[in-house]
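[1] Pasting the sequence and the predicted coordinates here, then a few questions.
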Amino acid sequence: MLNRKVLVLNQNYEPFLVCGAKKAVLLLFLKKAVLVERYDYYVHSVSTIMPYPSVVRINHYIHKPFKKVMLSRKNIHKRDNHICQYCGKNSQPMTVDHIIPKCYGGKDTWENLVCACIKCNSKKGNRTLVEAGMKLLKNPSKPSHLFYLQNLIGKPHNTWKSYLFLK
């Protein structure tokens, strides 16, 4: 039962990390954190009953540099929700396409790589968007640190969504 995940917020309610329930209960017991949201269960000990935490906020602000999201094929697909950025379909398998081809000096950057279906990638080939007569559905950009947390979590509990800016 204590294997569930708990969202830990910094003192300013910014998402900080995800930990196990054991660690969160310990933080609450030692009064290093306060309960913000809870599950419908309780943790029982010999002398105490405590609500099972879902979201806790630590009492003192901890400065921690944000984790940088690594540029990888997998993360490009996640950023673009496995949707072709040229036609809008999410047929499988997907590829990663350089908007400005490498032969024209295109780099491997967040702003130059998009998810594309095989048909659109073949149609564009080694040409620019203008040469191929194609348009992007949205301009690609580097994801924020929230992207990292949102994807680390997988499917979050409903109580977490407002803190992770999810719908």
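    Noted; the coordinates are in hand. Please read these numbers as outputs of a predicted model, since none were measured by experiment. Residues are numbered from 1 along each chain as shown.

[2] can we go C-alpha only for contacts and neighbour counts from here?
    Fine.

[3] Give me the secondary structure label for residue 42.
    strand (DSSP: H, G, I helix; E, B strand; the rest coil).

[4] residues near the nearest residue to it once chain neighbours are set aside, how many?
    Nearest residue to residue 42, sequence neighbours excluded (CA to CA, 6 or more residues apart in numbering): residue 51, at 4.4 Å. By the criterion of other CA atoms under 10 Å, residue 51 has 15 neighbours.

[5] helix or strand for residue 51, which one?
    strand 49-58 (DSSP states H and E).

[6] rewinding a little: with residue 23 as the reference, measure out to the residue nearest to residue 42.
    Relative to residue 23, residue 51 is positioned 14 Å away (CA to CA, to the nearest Å).

[7] got it, and residue 47?
    On the measure of CA to CA, residue 47 and residue 23 end up 19 Å apart.

[8] what about the helices in the protein?
    Under the criterion DSSP state H, the chain contains helices at 21-29, 73-79, 118-124, 129-132, 145-153.

[9] Quick one: residues in contact with the third one.
    This means helix 118-124. Here helix 118-124 makes contact (CA atoms under 8 Å, 6 or more residues apart in numbering) with 84, 86-87, 93-95, 97, 132, 134.

[10] ditto for the second one
    Outside helix 73-79, the residues within contact range by CA under 8 Å, 6+ apart are 83, 94, 96, 110, 113-115, 143, 147.

[11] Those residues in strands, which ones?
    Residues of these located in strands (DSSP state E): 94, 96, 113-115.
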